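*Asks:* How does the following fold in three dimensions:
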Amino acid sequence: MHYSSYSELCRGHVCQMIICDHYRRGIISGSSCKALCEENTLVLQHCLSSTPSHQVYSGSWKHKPVIIKCGIEETLRGDGSPDSAPRREMTLFDKPTRGTSMDEFREMLHSFLRSNLGEQPSLGSLVGRVISLSDVNQDGKVSLAEAKSVWALLQVNEFLLMVALQEKEHTPKLLGFCGDLYVTEQVAHSSLYRLEVPRYLQPLVPSALHSSVNQWLAPAWPRRAKITIGLLEFVEEVFHGSYGSFYMCDASPRHVGYNSKYDCKMADLRSVASEMAVRGYLKGRHCEHNSDCTYGQDCTATCDKLVKQCNTEVVQPNLAKVCRLLQDYLLFGAPPELREDLQKQLRTCVTLSGLASQMEVHHSLVLNNLKTLLWKKISNTKYS
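*Replies:* Coordinates of the predicted model:
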């Protein structure tokens, strides 16, 4: 969809107005509320939104660069004016209700996380992490406003993943929240490529020109190798981690960033989904073709044409998708003595299947071989 004006797409002022109104009325709370609504030390600056319903801004918090994200409903008043305030769902901050005990809230969280992540042995520690995050004033208690805020945030897939993967090196740090607005560290480079052509302009720009310009602007090959090692480590982190497995359902260079030290940081986790969520979506789904069995952009399962229902096993694993992306990113400018071996390993990698019989040992072997090849080349150099 193409939005006709900046005011339709960039509605941070609306988001801030709604959040601060809820905060002043005591409905919500959060570690960023005072900075956003009273002290004006958390400031939205440049709009990065790609849809009106998911507001993304670069900004500043106590003079440090941050990213601010907030969801707003794309429902306008009868006059259709882009400046009219969207109607927030009445249900957004309706849970937990007044009178809910701490034990009941803990059970609510456990049940929610189990339904989204599956029955994992370490869910209890994740519940503890969420409760600790809720307790903004660190008084050992969770107020109703604190509980409502964190419950609303957990409905946002990216926030849930950030909490689950918070200890992982390649996930942006969560810095604060207010209601369902949240603040993360800013990733210096929010895409693998410097030049990103908007989808609606792509038919007008020859792909060869686009590719050539990006190759010219790209970091030196050893730095790209270091970013790649980080990306492969992220693939390891989300495959059979503490809270289950996660699928990358849009392996786009737009979602993979890196910092000033060329450490990989996932700039956007919205397209990463838990195995539980993907299987739940596919289970019993009617289909005519394999394409009918797609979650997100490219988490595709096969269609059982006899019963016209989707199977629940995703065909292409994260590693194969990442390697397809790396064929463009890593091969140009590669050292001549490495290029043939690198090309061969990437070719093996993109043919990997997501079927359970192949997953464990074969995937680990391919991933480790690729990491070792790159690391040997850049270790003990200034790039490592």
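*Asks:* who are the neighbours in contact with residue 22?
*Replies:* Residues near residue 22 by Cβ atoms under 8 Å, 6 or more residues apart in numbering: 28, 93, 179. C-beta coordinates here come from the backbone N, C-alpha and C atoms, glycine included.
*Asks:* I'd like the distance from the last one to residue 153, if you could.
*Replies:* Yep, that's residue 179 we're talking about. 8 Å (Cβ to Cβ, to the nearest Å).
*Asks:* And the first one, by the same measure?
*Replies:* If you measure residue 28 against residue 153 using Cβ to Cβ, the figure is 10 Å.
*Asks:* Now for those two: what residues contact both?
*Replies:* By Cβ under 8 Å, 6+ apart, residue 28 and residue 153 have these common neighbours: residue 179.
*Asks:* Who's the closest spatial neighbour of residue 329, skipping the chain neighbours?
*Replies:* Nearest residue to residue 329 in three dimensions, chain neighbours excluded: residue 192, at 5.9 Å (Cβ to Cβ, 6 or more residues apart in numbering).
*Asks:* same deal with residue 115?
*Replies:* Of all residues not flanking residue 115 in the chain, residue 276 sits nearest, at 7.4 Å (Cβ to Cβ, 6+ apart).
*Asks:* before we move on, what SS does that neighbour have?
*Replies:* Per DSSP: H, G, I helix; E, B strand; the rest coil, the local secondary structure of residue 276 is helix.
*Asks:* quick one, what contacts it?
*Replies:* Contact analysis of residue 276 by Cβ under 8 Å, 6+ apart lists 115-118, 244.
*Asks:* all helices in the stretch 51-200 of the chain, in order from the N-terminus.
*Replies:* Using DSSP state H, counting those that start in this stretch, the helices assigned to the stretch 51-200 of the chain run over residues 102-117, 123-134, 144-154, 157-164.
*Asks:* just these: most buried one?
*Replies:* Ranked by mean neighbour count, those are led by helix 144-154 with a mean of 23 (mean count of other Cβ atoms under 10 Å).
*Asks:* Can I get that helix in CSV? Just the C-alpha atoms.
*Replies:* What follows is helix 144-154, C-alpha atoms only, in CSV (Å, rounded to 0.1, in the frame of the first residue of the first chain):
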residue,chain,number,x,y,z
LEU,A,144,-2.4,-2.1,38.1
ALA,A,145,-1.0,0.6,35.7
GLU,A,146,2.3,-1.2,35.5
ALA,A,147,0.6,-4.6,34.9
LYS,A,148,-1.7,-3.2,32.2
SER,A,149,1.3,-1.6,30.4
VAL,A,150,3.4,-4.7,30.3
TRP,A,151,0.4,-6.9,29.3
ALA,A,152,-0.4,-4.6,26.3
LEU,A,153,3.3,-4.7,25.3
LEU,A,154,3.5,-8.5,25.3
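*Asks:* outside of it, which residues touch it?
*Replies:* Everything outside helix 144-154 that qualifies as a contact, by Cβ under 8 Å, 6+ apart, is 26-30, 92-96, 98, 100, 105, 108-109, 112, 130, 133-136, 159-160, 163, 177-180, 182.
*Asks:* about what we covered before: top of the contacts of residue 22 by neighbour count?
*Replies:* The most crowded member of those is residue 179, carrying 30 neighbours; neighbours defined as other Cβ atoms under 10 Å.
*Asks:* any idea which residue sits dead centre in the chain?
*Replies:* In the chain, the residue lying closest to the centroid (Cα atoms, centre = their mean) is residue 269, at 0.4 Å.
*Asks:* now the end-to-end length of stretch 293-304.
*Replies:* Using Cα to Cα, to the nearest Å, one end of stretch 293-304 lies 10 Å from the other.
*Asks:* try stretch 309-321
*Replies:* End-to-end distance (Cα to Cα), stretch 309-321: 25 Å.
*Asks:* How far does it sit from its chain's centre?
*Replies:* With Cα atoms, centre = their mean, to the nearest Å as the basis, stretch 309-321 stands 19 Å off its chain's centre.
*Asks:* Likewise for stretch 160-172?
*Replies:* How far stretch 160-172 lies from its chain's middle: 9 Å, per Cα atoms, centre = their mean.
*Asks:* Let's see it as CSV, backbone CA atoms only.
*Replies:* Taking Å, rounded to 0.1, in the frame of the first residue of the first chain, the C-alpha atoms of stretch 160-172 are listed here in CSV:
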residue,chain,number,x,y,z
LEU,A,160,7.9,-10.3,23.3
LEU,A,161,10.9,-11.4,21.3
MET,A,162,13.1,-8.6,22.7
VAL,A,163,12.3,-9.7,26.2
ALA,A,164,12.8,-13.4,25.4
LEU,A,165,16.1,-12.7,23.5
GLN,A,166,17.3,-9.8,25.7
GLU,A,167,20.5,-11.5,26.8
LYS,A,168,21.5,-12.3,23.3
GLU,A,169,24.3,-10.3,21.8
HIS,A,170,22.6,-9.6,18.4
THR,A,171,19.3,-8.3,19.7
PRO,A,172,18.9,-4.5,20.3
